[in-house]
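Student: need coordinates for the following:
(one chain, ligands or ions: 2)
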Amino acid sequence: MTDRQRAGMPPPFRLGADWWRRGVVYQVYPRSFADSDGDGVGDLTGLIDHLDHLGPDGLAVDAIWLSPVYPSPGRDGGYDISDHTAIDPLFGSEAQFDRLVEEAHRRGMRVVMDLVLNHTSDEHRWFVDSAASRSGAHADWYLWRDPAGVDRAGRPLPPNDWVSWFGGPAWTYEPRRGQFYHHTFLAAQPDLDWRQPAVEKAQLDVVRAWLARGVDGFRLDVFNVYLKHPDLPSNPTRRGSTAWDRQVHLYDLDQPDLPELLARFRAVVDAAPGRMTVGEMFVGTTEGAAALTTERHLVFDWELLTRPWSASAFASAIRRRERAFGPDRWPTVVLSNHDQPRQASRLAATVPGGEADRDAIAKASAVLSLTMRGTPFLYYGEEIGMGDVDVPPAESVDPAARHASADFHWWDRSQSRTPMPWTAAPGAGFTTGRPWLRFGPDTRVRNVASESADEDSVLACYRRLLRVRAVTPSLQDGAISLVRTGRPDVLAYRRRGSGPEVLTVIAFGRAGATVTLPSPGTGRTWRPVVGTHRDLPDPTPGRSFALRGYEGVVLEATPRRAR
Ligand code: GLC
Ligand code: MG
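Tutor: Numbers count the residues shown, from 1 in each chain. Ligands and ions are numbered 1, 2, ... in the order given. Take a look at the predicted model:
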């Protein structure tokens with residue numbers, strides 16, 4: 001409980017218990033957000049000091065999701081946790097975390113924690129105990145199995161054919177037990193055995209502990225891998241270009257009893273209203289994500305991340321998502337995160353010569369993410385149009401990238417995790433020391449201060465869009481339907497919800513396009529309310545609408561007389 005709550009003062013939240021459907025979530029990668037103590041690594045005090053960038057006078061988002069801030073040896077950027085209920089001193093103290101929750105709430109923002117419950121670090125005390133012998137208190141908390149036999153050289157053979165997502169086998173031998181343990185990711189990230197009642201209880205206690213500290217929700221890391229088939233059989237094989245793809249992942253993820261486990265987890269979270277949970281779908285399809293979505297549990301689907309910068313590609317992504325989710329399941333809108341290339345870089349790379357238009361594409365993609373049906377998740381730095389940074393292999397902070405090979409393709413995630421530039425000063429206002437990871441080459445011109453001073457910046461565009469979204473109910477809760485524009489390079493869709501209907505029109509081409517708008521209904525007219533450009537184009541009486549290159553416009557159906 002925060003001091004505010006103790007004093008009986010409710011936080012000034014703009015939205016009620018359904019905030020996680022209507023609102024916008026902003027993902028902070030804490031190592032790269034803001035460093036307050038000069039060690040070059042972002043920290044909680046740095047984040048608190050920059051909350052106004054996110055709060056009502058800034059972007060005005062509804063929640064912040066923190067990538068892991070727990071004690072960790074840091075082999076997988078904090079996703080290898082050695083204590084799930086504490087704060088890593090690298091980021092600050094327990095008291096500073098409580099202050100963060102308080103300060104975020106005071107600004108009307110909820111706090112969402114990243115829970116990594118599939119695995120722990122190999123330095124977690126549970127695993128240290130488990131690996132030491134077959135008889136300790138945590139002996140069966142992980143997936144231990146006897147070798148399948150020995151090879152000709154007398155070396156133990158793994159229990160089945162499973163492979164690690166991060167390359168290599170999914171099994172590592174532990175001589176002290178004479179057994180292998182399973183790891184979907186690094187050998188330093190052993191998977192827990194969720195089928196052990198003691199493990200489930202310990203995990204739900206972690207959930208309770210964070211709720212008791214006042215957090216408002218969770219992102220569940222790779223939640224569809226928690227359960228494996230109880231017998232751990234080998235996966236069937238198929239053709240494929242990598243070791244992972246050469247298996248049909250029947251037994252190492254997506255087990256049929258996962259929904260029951262999720263319901264038990266959700267019951268703990270539902271002890272109080274208004275809490276969000278979102279599951280990170282691991283290697284699944286849009287249909288798979290939809291199938292695990294429930295009334296109060298969101299699931300990321302990655303459809304939008306797979307699309308090039310083309311109107312028809314986004315139209316077909318919307319169609320597929322709508323078919324999979326239907327009217328009753330609420331999707332998420334994700335164009336970037338800490339595992340993916342940044343959206344402007346990724347999308348611009350699909351357009352010949354598109355790098356030159358990166359800012360324009362950043363703005364147009366902002367219109368997409370804030371007006372499609374679903375809860376938008378914005379990744380830090382996207383709001384200033386940050387791009388992927390060329391990090392030389394020697395400076396890479398992504399362990400999986402180190403053993404990329406022909407049989408293991410990997411995009412180095414360091415490129416989208418670089419420090420946030422706040423100012424043009426040395427250290428970019430991020431740190432007074434040496435940053436843990438290099439800055440982008442454009443930091444002197446691309447930073448929060450300079451974009452704040454420029455009405456035509458990507459940042460100014462995000463602020464305008466977020467303001468309009470916050471007061472436009474149909475953008476928050478409306479159904480979506482695609483509109484035919486007659487032009488292959490223009491995407492248009494309507495949102496019909498609890499307020500006036502909204503129409504979004506985006507020209508994907510550099511040259512712009514003129515389209516005829518659909519009818520807004522009798523007695524109504526389309527009024528442009530916000531867009532990529534500060535000056536909004538007006539539809540002519542015949543509803544002919546001229547868009548400039550990469551221009552996106554949001555229009556609201558308004559009674560004629562109101563004009
Ligand atoms: C999730 C995280 C990723 C991490 C992996 C293993 O996919 O998003 O960053 O490497 O889980 O924990
Ligand atoms: Mg620091």
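Student: does residue 219 have beta-bridge partners, and which?
Tutor: Note on residue 219: beta-bridge partners residue 114, residue 278, judged by DSSP bridges.
Student: burial count for it?
Tutor: Residue 219 sits with 25 neighbouring residues when counted by other CB atoms under 10 Å. Heads up, the C-betas are built off the backbone N, CA and C, glycines and all.
Student: need the CA coordinates for stretch 385-398. PDB is fine.
Tutor: Once non-C-alpha atoms are left out, stretch 385-398 reads as follows in PDB (Å, rounded to 0.1, in the frame of the first residue of the first chain):
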ATOM      1  CA  GLY A 385      11.400   7.900 -33.500                       C
ATOM      2  CA  MET A 386      14.500   6.100 -32.200                       C
ATOM      3  CA  GLY A 387      15.900   3.700 -34.600                       C
ATOM      4  CA  ASP A 388      17.900   0.500 -34.200                       C
ATOM      5  CA  VAL A 389      21.500   1.200 -33.300                       C
ATOM      6  CA  ASP A 390      24.400  -0.600 -35.000                       C
ATOM      7  CA  VAL A 391      26.000  -2.200 -31.900                       C
ATOM      8  CA  PRO A 392      29.300  -3.900 -32.800                       C
ATOM      9  CA  PRO A 393      29.400  -7.600 -31.800                       C
ATOM     10  CA  ALA A 394      32.000  -6.900 -29.100                       C
ATOM     11  CA  GLU A 395      29.500  -4.600 -27.400                       C
ATOM     12  CA  SER A 396      26.500  -6.800 -27.800                       C
ATOM     13  CA  VAL A 397      24.500  -7.400 -24.600                       C
ATOM     14  CA  ASP A 398      22.300 -10.100 -26.100                       C
END
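Student: and it, what's buried?
Tutor: Within stretch 385-398, the residues scored as buried using 16 or more other CB atoms under 10 Å are 385, 386, 387, 388, 389, 391, 396, 397, 398.
Student: need the phi and psi values for the residue of the stretch 351-500 of the chain found nearest ligand 1.
Tutor: Closest contact between the stretch 351-500 of the chain and ligand 1, by CB to the nearest ligand atom, is at residue 413 (7.0 Å). Main-chain torsions, residue 413, degrees, to the nearest 10: phi -70, psi -10.
Student: that one and residue 438, how far apart?
Tutor: When distance is defined by CB to CB, to the nearest Å, residue 413 is 14 Å away from residue 438.
Student: which stretches of the stretch 201-350 of the chain have low pLDDT?
Tutor: Within the stretch 201-350 of the chain, no range satisfies pLDDT under 70.
Student: which residue does it bring closest to ligand 2?
Tutor: Using CB to the ion, residue 338 is the residue of the stretch 201-350 of the chain that sits closest to ligand 2, at 18.1 Å.
Student: show me what residue 163 is bridged to.
Tutor: The partner residues for residue 163, given DSSP bridges, come to residue 169.
Student: got the contact list for residue 369?
Tutor: With contact taken as CB atoms under 8 Å, 6 or more residues apart in numbering, residue 369 is in contact with 333, 335, 343, 376, 378.
Student: go again using 7 Å as the cut-off
Tutor: Contacts here follow CB atoms under 7 Å, 6 or more residues apart in numbering; on that basis residue 369 touches 333, 335, 376, 378.
Student: then residue 420?
Tutor: By CB under 7 Å, 6+ apart, the residues touching residue 420 are 32, 33, 34, 380, 381, 430.
Student: wasn't it part of a helix?
Tutor: No. Judged by DSSP: H, G, I helix; E, B strand; the rest coil, residue 420 forms no part of a helix; its state is coil.
Student: so what's it scoring on pLDDT?
Tutor: Residue 420 is assigned 98 on the pLDDT scale.
Student: equivalent analysis for residue 6, please.
Tutor: pLDDT, residue 6: 67.
Student: same deal with residue 90?
Tutor: Note for residue 90: predicted pLDDT of 98.
Student: for this structure, what lies in contact range of ligand 2?
Tutor: Selection of the chain residues close to ligand 2 by CB under 5 Å from the ion yields 35, 37, 39, 41, 43.
Student: try it again at 8 Å.
Tutor: Proximity of the chain to ligand 2 is confined to 35-43, 45-46, 90-91, 431 under the rule CB under 8 Å from the ion.
Student: quick check on the residues you listed: which are buried?
Tutor: Among those, those classed as buried by 16+ other CB under 10 Å are 35, 36, 40, 41, 42, 43, 45, 46, 90, 91, 431.
Student: any idea how far residue 451 is from the residue nearest to residue 447 when sequence neighbours are not counted?
Tutor: The shortest distance from residue 447 to any residue that is not its chain neighbour, by CB to CB, 6 or more residues apart in numbering, is 3.8 Å, and that residue is residue 421. Separation of residue 421 from residue 451 (CB to CB) stands at 10 Å.
Student: compare those two (neighbour count), which wins?
Tutor: Comparing residue 421 with residue 451 by neighbour count (other CB under 10 Å), the higher total belongs to residue 421, at 26 against 23.
Student: you'd agree the more buried one is up against residue 444?
Tutor: No. Applying CB atoms under 7 Å as the test, residue 421 and residue 444 come out as separate, 8.3 Å apart.
Student: between those two, what contacts are shared?
Tutor: Common neighbours of residue 421 and residue 444 (CB under 7 Å, 6+ apart) do not exist.
Student: and the residue of this protein closest to ligand 1?
Tutor: The minimum distance from the chain to ligand 1, using CB to the nearest ligand atom, falls at residue 79 (3.4 Å).
Student: what residues are up against that residue?
Tutor: 68, 116, 221.
Student: try it again with 10 Å
Tutor: 67-68, 70, 72, 114, 116, 118-119, 121, 185-186, 189, 221-222, 338-339 (CB atoms under 10 Å, 6 or more residues apart in numbering).
Student: just to revisit the earlier point, do I have it right that the residue of the stretch 201-350 of the chain closest to ligand 2 meets residue 66?
Tutor: No. Using CB atoms under 10 Å, residue 338 makes no contact with residue 66, being 11.2 Å away.
Student: neighbour count: those two, which is higher?
Tutor: A direct count of neighbours by other CB under 10 Å for residue 338 and residue 66 places residue 66 higher, at 24 against 19.
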